[in-house]
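Asker: how does the following fold in three dimensions:
(chains A and B)
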Amino acid sequence: GAGVSQSPRYKVAKRGQDVALRCDPISGHVSLFWYQQALGQGPEFLTYFQNEAQLDKSGLPSDRFFAERPEGSVSTLKIQRTQQEDSAVYLCASSLGTGGDSPLHFGNGTRLTVT
Amino acid sequence: KNQVEQSPQSLIILEGKNCTLQCNYTVSPFSNLRWYKQDTGRGPVSLTIMTFSENTKSNGRYTATLDADTKQSSLHITASQLSDSASYICVPRSGGSYIPTFGRGTSLIVHP
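Answerer: Numbering: from 1, shown residues only, chains lettered A, B, ... in the order given. A predicted model of the protein is given here:
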């Protein structure tokens, strides 16, 4: 497919477990974003990559959250020692350019439930 | 700091009716503003983009307006369809910033 792909689609984790969420962006897209979306809320920014460089991680809520995009394509969002407040949908988006003219293309997200 | 306020928070209308969704923003300097549609269980999809010089733009039954002076935008949906049921999110972007700011969205339900 030509869209952004995220896996897994659903993830249930016990409190304290580590999780890894994967994002396959559209091929050739330079920019990659991770957002967190709570129920009934808009997406909240977590972190931004331009190719393999993580240019902004100001939205990561704690040092338990870590993201990487080592080859400038696939990205992984890792959450260590998950807590109940981490339960949310995690959205990945990619865009062709680095400016504001290109739309963000979103995946369908990973719904994380921490029990 | 909340830079995007959308109203109403939720809206229920009958199929075939029109509706208008509002967005007030405070990002500065302004670069552009997009409206996204988010179906339940899916990621947001861009509907339209408004730049500083544009007052109105249509995309099928969707018409977006922008008043850069008052920092307001609206999304008007004509002859609503059941498939219009979704969350509509206003996303202004600041010049020089990589990061678009997402509003909370308006949840629209269209009843038959």
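
Asker: what about the strands in chain B?
Answerer: Ranges of strands in chain B, per DSSP state E, are B:4-7, B:10-14, B:19-25, B:30-38, B:45-51, B:56-59, B:62-67, B:72-77, B:86-94, B:106-111.

Asker: right, so of these, which gets closest to residue A:52?
Answerer: strand B:86-94 (23.5 Å; Cβ to Cβ). Yep, even glycine has a C-beta here, placed from its N, CA and C like the rest.

Asker: need the winner for burial among the strands of chain B.
Answerer: Highest mean neighbour count of these: strand B:86-94, a mean of 24 (counted as mean count of other Cβ atoms under 10 Å in any protein chain shown).

Asker: how far away from the center of its chain is that strand?
Answerer: On the basis of Cα atoms, centre = their mean, to the nearest Å, strand B:86-94 is displaced by 5 Å from the centre of the chain it belongs to.

Asker: phi, psi of whichever residue of chain B sits closest to chain A?
Answerer: When scored by Cβ to the nearest Cβ, chain B has residue B:43 as its residue closest to chain A, at 2.8 Å. The phi/psi pair for residue B:43 (degrees, to the nearest 10) reads phi -80, psi 160.

Asker: contacting residues around it?
Answerer: A:4, A:91, A:93, A:106, A:107, A:108, A:109 (Cβ atoms under 8 Å, 6 or more residues apart in numbering or on different chains).

Asker: export the strands of chain B to JSON lines and tack on mean pLDDT and distance to chain A?
Answerer: Below are the strands of chain B laid out as JSON lines (pLDDT from 0 to 100; distance: least, Cβ to the nearest Cβ, whole Å):
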{"stretch": "strand B:4-7", "mean pLDDT": "96", "distance to chain A": "8"}
{"stretch": "strand B:10-14", "mean pLDDT": "97", "distance to chain A": "9"}
{"stretch": "strand B:19-25", "mean pLDDT": "97", "distance to chain A": "11"}
{"stretch": "strand B:30-38", "mean pLDDT": "94", "distance to chain A": "5"}
{"stretch": "strand B:45-51", "mean pLDDT": "94", "distance to chain A": "4"}
{"stretch": "strand B:56-59", "mean pLDDT": "94", "distance to chain A": "12"}
{"stretch": "strand B:62-67", "mean pLDDT": "96", "distance to chain A": "14"}
{"stretch": "strand B:72-77", "mean pLDDT": "98", "distance to chain A": "15"}
{"stretch": "strand B:86-94", "mean pLDDT": "94", "distance to chain A": "4"}
{"stretch": "strand B:106-111", "mean pLDDT": "97", "distance to chain A": "8"}
